[in-house]
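J.: The amino acid sequence is not available; the structure is as follows:
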Ligand SMILES: NC(=O)c1ccc[n+]([C@@H]2O[C@H](COP(=O)([O-])OP(=O)(O)OC[C@H]3O[C@@H](n4cnc5c(N)ncnc54)[C@H](OP(=O)(O)O)[C@@H]3O)[C@@H](O)[C@H]2O)c1
């Protein structure tokens with residue numbers, strides 16, 4: 001008989017990718033959500049079942065799980081309270097998998113991604129493994145709450161628990177599509193796009209397709225573990241721009257800004273821009289048999305296609321609330337033009353490659 005998976009937050013970008021992968025591999029899948037966004041019709045046609053609930057309502061989760069599931073996947077667990085909700089239903093499920101974040105890591109000086117504006121960007125000598133120090137669990141920030149979620153489950157669950165730590169997630173259906181930083185400029189006909197740090201920043205990307213594939217491998221091999229999940233050969237910012245330019249048929253230029261090492265930089269600050277690399281190690285996932293199914297360059301085309309269509313339907317700030325909540329103006333074209341006019345001796349322009 002087909003194994004059964006229940007996804008909390010099953011109609012989001014991660015949930016849809018996991019549902020697609022598991023359906024493809026013979027699972028029965030139920031996606032739960034509050035009903036704000038319709039699940040893709042192709043998933044319904046392939047047998048996805050959908051239930052409406054609010055994850056704050058523990059009784060609704062227990063009721064929707066009914067006689068149970070082989071796997072309970074939670075894409076929207078953020079804190080200890082959510083961990084305790086999952087523990088309440090753990091006897092009905094074979095294994096648990098939750099989405100945490102690579103933002104939990106801290107460097108030797110205690111610097112984190114989340115507090116980088118105050119303390120400076122964290123510095124890691126090597127790829128970040130799952131053994132890297134993390135923030136302490138607690139109620140203080142997004143990352144400390146994620147650690148409280150992780151530790152509560154790991155210390156108290158009776159069933160196997162997998163924790164996945166993605167980095168900069170990308171995929172269709174995102175509420176936080178970083179790619180919009182480039183796509184909007186290209187749609188707006190900007191002929192020059194400045195890139196801070198010469199476009200050399202590398203901030204690990206995580207395709208929803210790779211997250212879904214690692215999820216499947218983990219469910220096939222239940223165990224208690226914490227795993228990074230990032231794309232193979234993560235591109236630098238200039239390569240991200242080139243990949244998007246190819247899809248958008250963009251004929252303009254990228255301007256690599258070479259003088260500005262400040263953090264944050266004055267202009268050209270893409271959502272991936274950072275003065276030092278933030279790259280995660282994927283060896284632990286490989287050891288359990290995971291192999292990536294997508295590169296950034298391949299999978300971003302699907303995201304760009306979706307972005308180009310969805311952007312016609314509503315103002316971007318409504319569509320992408322997380323992106324709209326950034327503490328800076330992502331599209332301050334006047335500042336870019338001023339900077340480029342005054343500093344053209346400090347830049348190197350690069351034509352996009354078709
Ligand atoms: N974006 C990144 O780069 C990044 C990086 C690291 C980790 N993460 C983690 O990724 C996760 C977000 O996943 P995602 O990108 O797939 O999110 P998403 O696209 O925004 O989807 C969220 C899903 O959860 C549902 N949902 C939201 N609140 C709910 C609630 N109270 N009860 C039931 N369902 C609810 C949404 O549907 P309804 O709105 O209809 O309920 C939707 O199905 C979070 O755990 C985040 O910490 C994100």
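T.: On my side now, so go ahead. Small disclaimer: the values here were computed from a predicted structure and weren't measured. Numbers count the residues shown, from 1 in each chain.

J.: Downstream of the strand or helix carrying residue 303, the next helix or strand is which one?
T.: Assessed by DSSP states H and E, residue 303 sits inside helix 296-310. Sequence-wise, the next helix or strand downstream of helix 296-310 (DSSP H and E) is helix 316-319.

J.: quick one: is that next one near the ligand?
T.: No. If you take Cβ under 6 Å from any ligand atom as the test, helix 316-319 misses the ligand, and the best it gets is 11.5 Å. (C-beta placed from N, C-alpha, C; glycine too.)

J.: could you say what helices and strands that helix packs with?
T.: When contacts are defined as 3 or more Cβ pairs under 8 Å, 6 or more residues apart in numbering; DSSP states H and E, helix 316-319 packs onto helix 321-324.

J.: And the helix or strand containing residue 226, what does it pack against?
T.: For residue 226, the element it lies in under DSSP H and E is strand 225-229. Under the contact definition 3+ Cβ pairs under 8 Å, 6+ apart, strand 225-229 sits against strand 161-166, helix 208-220, helix 283-287.

J.: These: which one's closest to residue 29?
T.: Closest of those to residue 29 is helix 208-220, at 11.0 Å (criterion: Cβ to Cβ).

J.: and that closest one, how far out from the chain's middle?
T.: 14 Å (Cα atoms, centre = their mean, to the nearest Å).

J.: and if you look at stretch 127-140?
T.: Counting by Cα atoms, centre = their mean, stretch 127-140 comes out at 17 Å from the chain centroid.

J.: same check, this time on stretch 131-146
T.: 17 Å.

J.: anything in it near the ligand?
T.: No. Judged by Cβ under 6 Å from any ligand atom, stretch 131-146 stays clear of the ligand, getting no closer than 6.6 Å.

J.: measure the closest residue to residue 302 other than its chain neighbours to residue 307 for me?
T.: Sequence neighbours aside, residue 172 is the residue nearest to residue 302 in space, at 5.5 Å (criterion: Cβ to Cβ, 6 or more residues apart in numbering). Between residue 172 and residue 307 the computed distance is 8 Å (Cβ to Cβ, to the nearest Å).

J.: For the protein, give me the ranges with low pLDDT.
T.: Residue ranges of the chain with pLDDT under 70: 344-354.

J.: Residue in it with the shortest distance to the ligand?
T.: residue 12 (1.8 Å; Cβ to the nearest ligand atom).

J.: Now do that residue: how many residues are near it, please.
T.: 24 (other Cβ atoms under 10 Å).

J.: where do the strands sit along this structure?
T.: 4-8, 28-33, 49-52, 69-74, 93-99, 161-166, 168-170, 192-195, 205-207, 225-229, 253-257, 347-351 (DSSP state E).

J.: Export those as CSV, with columns for mean neighbour count and distance to residue 290.
T.: Converted to CSV, the strands of the chain look like this (neighbours: other Cβ atoms under 10 Å; distance: least, Cβ to Cβ, whole Å):
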stretch, mean neighbour count, distance to residue 290
strand 4-8, 26, 18
strand 28-33, 23, 20
strand 49-52, 16, 27
strand 69-74, 24, 16
strand 93-99, 23, 13
strand 161-166, 25, 11
strand 168-170, 22, 17
strand 192-195, 23, 32
strand 205-207, 26, 13
strand 225-229, 22, 8
strand 253-257, 21, 33
strand 347-351, 15, 35
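
J.: Using a markdown table, lay out those strands together with distance to residue 293.
T.: Converted to a markdown table, the strands of the chain look like this (distance: least, Cβ to Cβ, whole Å):
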| stretch | distance to residue 293 |
| --- | --- |
| strand 4-8 | 18 |
| strand 28-33 | 18 |
| strand 49-52 | 24 |
| strand 69-74 | 18 |
| strand 93-99 | 17 |
| strand 161-166 | 15 |
| strand 168-170 | 14 |
| strand 192-195 | 29 |
| strand 205-207 | 8 |
| strand 225-229 | 12 |
| strand 253-257 | 29 |
| strand 347-351 | 30 |
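
J.: so can I have a markdown table of these showing distance to the ligand?
T.: Below are these laid out as a markdown table (distance: least, Cβ to the nearest ligand atom, whole Å):
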| stretch | distance to the ligand |
| --- | --- |
| strand 4-8 | 6 |
| strand 28-33 | 3 |
| strand 49-52 | 8 |
| strand 69-74 | 8 |
| strand 93-99 | 4 |
| strand 161-166 | 4 |
| strand 168-170 | 4 |
| strand 192-195 | 20 |
| strand 205-207 | 7 |
| strand 225-229 | 9 |
| strand 253-257 | 23 |
| strand 347-351 | 27 |
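
J.: Out of those, which gets nearest to residue 19?
T.: That would be strand 28-33 among the strands of the chain, by Cβ to Cβ, at 4.8 Å.

J.: With residue 178 as the reference, name the closest of the strands of the chain.
T.: Across these, closest to residue 178 is strand 168-170 (Cβ to Cβ), at 6.0 Å.

J.: Please consider this matter closed, and thank you.
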